[in-house]
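Asker: show me the folded form of this:
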Amino acid sequence: MRKQWIFGIVMLLLCSFAFAYDSQIWEYSVNPCIGQTWENGTDLTISVLVKACPDNSKTYPPSNCSQVTSKVSIYTADTGLQINEDYWGNFYVSGTEFTYDNWNVNKTGTYGIRIVTKSDDAGDVGDIVDMNFTVDISPIVANTTNISNVVYGDCITEGGGSGGVSVPGSGGDAITAIMDEANEYGFGYTVMWIIIMLVVAIFIWIGAAEYGAISVGVIALVELIMLFIGVYLGFISWLVILFLGLLAAIVLGKKLYDLFNG
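Answerer: Numbering: from 1, shown residues only. Next up is the predicted model:
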């Protein structure tokens, strides 16, 4: 019974890591732009496009990605914190653009904007983007606007482009995040992936040992899947697959030759 539990846990962890993807801020916009001084009381709209896919440098159908959500706050470094969690309790298809426009810009000085995202699979692991903005110290005067300041619609700050926002500590998926961490200690991606494949094979062998020869087939299938996942995530070169394919063809050819000429 213990062996079966070990086998089940290993397979569950493998599937969880392989198909859980961190959320990433693909694009964002702030209206008015954060590079200029805002007029006190201006309207404010913050939009963020979030994805959680295997490789955020490519375009994937939503069905291949984790679902996402986000929240935004302003005055994050002040006691007057305003936070909008309209979408936070629910998850939406990857590629959803979230818009936040219910703000009361009534503070002077420089304060922060914080955008936070997460996916339904990877939990709280996701992107965080912080920005600062400045509000004019002058009070609001009816029907009068300081011409040196900006208001909603005058300019827009856009970030991210196509390919996601680069935020330290955020990866394209759970496996990549773990591998990036290992790489910091001098372990190459290919070596680490082969070690992981070996560990998984050992656990499967232990869990399926009581079934005899069937464990060999299970290991072969899982290792083949992991091999292609490694190629898909960029940890293993297609040349390795080609070499192994040629090697397998040679072994199979030798066995067939022996069978028909033995």
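Asker: name the helix or strand of this structure that has the lowest mean pLDDT.
Answerer: helix 2-19 (a mean of 46; mean pLDDT, DSSP states H and E).
Asker: for Asp22, see how far away Ser66 is.
Answerer: Distance of Ser66 to Asp22, computed by CB to CB, to the nearest Å: 8 Å. In short, each C-beta sits where N, CA and C put it, glycine included.
Asker: with neighbour numbers in mind, choose between these two.
Answerer: Applying other CB atoms under 10 Å to Ser66 and Asp22 shows that Asp22 carries more neighbours, namely 28 against 24.
Asker: wait, the more buried one touches Lys51, no?
Answerer: No: the criterion here is CB atoms under 8 Å, and Asp22 misses it with Lys51 at 9.9 Å.
Asker: mind pulling the model confidence for Gln67?
Answerer: Per-residue pLDDT puts Gln67 at 87.
Asker: residues touching the nearest residue to it once chain neighbours are set aside, list them.
Answerer: Nearest residue to Gln67, sequence neighbours excluded (CB to CB, 6 or more residues apart in numbering): Phe91, at 3.8 Å. Phe91 sits next to 67-69, 119-120 when contact means CB atoms under 8 Å, 6 or more residues apart in numbering.
Asker: and which of those residues is nearest Ala248?
Answerer: Ser119 (36.8 Å; CB to CB).
Asker: do you have the strands of the chain handy? List them.
Answerer: 24-31, 37-38, 45-51, 68-74, 82-84, 96-100, 109-119, 128-135, 157-159 (DSSP state E).
Asker: could you dump the ones you listed into TSV with mean neighbour count and distance to Val251 added?
Answerer: As requested, these are exported to TSV (neighbours: other CB atoms under 10 Å; distance: least, CB to CB, whole Å):
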stretch	mean neighbour count	distance to Val251
strand 24-31	22	42
strand 37-38	19	70
strand 45-51	23	42
strand 68-74	25	45
strand 82-84	17	61
strand 96-100	18	49
strand 109-119	21	42
strand 128-135	16	50
strand 157-159	15	53
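Asker: which among those strands is found nearest to Ile225?
Answerer: strand 109-119 (22.2 Å).
Asker: what mean pLDDT does that closest one have?
Answerer: On average, strand 109-119 scores 85.
Asker: isn't Asn149 up against Gly41?
Answerer: No: contact criterion CB under 8 Å: Asn149 and Gly41 do not qualify, at 10.5 Å.
Asker: got the domain boundaries for this protein?
Answerer: If you go by automatic domain parsing, the domain ranges for the chain are 2-17+175-261, 22-171.
Asker: which of those comes out lowest on mean pLDDT?
Answerer: domain 2-17+175-261 (a mean of 65).
Asker: for the closest residue to Val93 other than its chain neighbours, which residues are in contact?
Answerer: Spatial nearest neighbour of Val93, chain neighbours left out: Pro62 (4.5 Å); criterion: CB to CB, 6+ apart. With contact set as CB under 8 Å, 6+ apart, Pro62 has these partners: 93-95.
Asker: how many neighbours does Val105 have?
Answerer: 20.
Asker: hmm, it is touching Thr45, no?
Answerer: No: with contact defined as CB under 8 Å, Val105 does not reach Thr45; the gap is 11.1 Å.
Asker: longest helix of the protein?
Answerer: In the chain, assigned by DSSP state H, the helix with the most residues is helix 238-261.
Asker: now render the strands of the chain as CSV, adding distance to Ile225.
Answerer: As requested, those are exported to CSV (distance: least, CB to CB, whole Å):
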stretch, distance to Ile225
strand 24-31, 25
strand 37-38, 53
strand 45-51, 24
strand 68-74, 26
strand 82-84, 41
strand 96-100, 30
strand 109-119, 22
strand 128-135, 33
strand 157-159, 37
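Asker: if we can go back for a sec, what residues sit buried inside the longest helix of the chain?
Answerer: Across helix 238-261, burial judged by 16 or more other CB atoms under 10 Å covers no residue at all.
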